[in-house]
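>>> The following comprises the amino acid sequence and a computationally predicted model.
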Amino acid sequence: MHDGDRIVSILVAGRAFAFGAIVVLALAGGTRAEEAAEEPTSEDCAKVLAQAREMTNALSPKSLSRHFANSLLSDAQTEANNGEFDGCVEYAEKAIDEVVHRKHWLAPGEVFRASTAEGYVELRGDDQ
C-alpha cells in the first residue's frame, strides 16, 4: 500500500467514524424525546390519586394498611403540588399496592397506636 492510499484510508475511516457518532447521537436524542413524551401529566396524577383514595377509603378506618396508604397518598399530593407528576403517580401506585396486598397488618388482638394532630388513634387488624 502506498502512502497516498494510507492517507485516503485514514480519511475514509475518520469520516465513517464521524458519521457513526452522529447517528448514535441522533438516536440518543430520539430516546430522550420519547422518554419526555411518556412523562405523566397532571391528569394522569389526578386519575391515579382518585383511584387510590377510593380504594383506601374502602378499608376500615382502623386498618393499618389504610394508615400507611394515607401516608403514601399525602406524599403523592405533595409531589403533585410541586409539579412532580411522576413522583405523584409513583406514590399513588404504592398506596394502591398497599391496599391490594395489605403489606402492613396486625395479628388478632394486636394494636398499633399512631400519633395524630389530635393525640393518637388505635389501629387494629383489618378483621376487627
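Sure, I can see it. Numbering: from 1, shown residues only.

>>> contacts, neighbours, all on C-alpha from now
Fine.

>>> residue ranges with poor pLDDT in the protein?
1-37, 125-128 (pLDDT under 70).

>>> how about residue 68, what does it touch?
Neighbour list for residue 68: 95, 98, 104 [criterion: CA atoms under 8 Å, 6 or more residues apart in numbering].

>>> quick one: the helices in the protein?
3-37, 42-57, 64-81, 85-101 (DSSP state H).

>>> what's across from the closest residue in space to residue 115 that isn't next to it in sequence in the sheet?
Distance criterion CA to CA, 6 or more residues apart in numbering; nearest residue to residue 115, sequence neighbours excluded, is residue 121 at 6.5 Å. Assessed by DSSP bridges, residue 121 has beta-bridge partners residue 114.

>>> burial of residue 121, as a residue count?
The burial count assigned to residue 121 is 14, neighbours taken as other CA atoms under 10 Å.

>>> Then residue 52?
26.

>>> again with the one 4 residues further on
Around residue 56 sit 24 other residues, with neighbours defined as other CA under 10 Å.

>>> Report the contact partners of it.
66, 69, 70, 95, 96, 99.

>>> my guess is the third one contacts residue 93, does it?
Read it as residue 70. No. With contact defined as CA atoms under 8 Å, residue 70 does not count as touching residue 93 (12.0 Å).

>>> returning to what we had before: save the contacts of residue 68 as CSV, and put in distance to residue 45 and neighbour count too.
CSV is the format used below for the contacts of residue 68 (distance: CA to CA, whole Å; neighbours: other CA atoms under 10 Å):
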residue, distance to residue 45, neighbour count
95, 13, 32
98, 18, 22
104, 25, 16
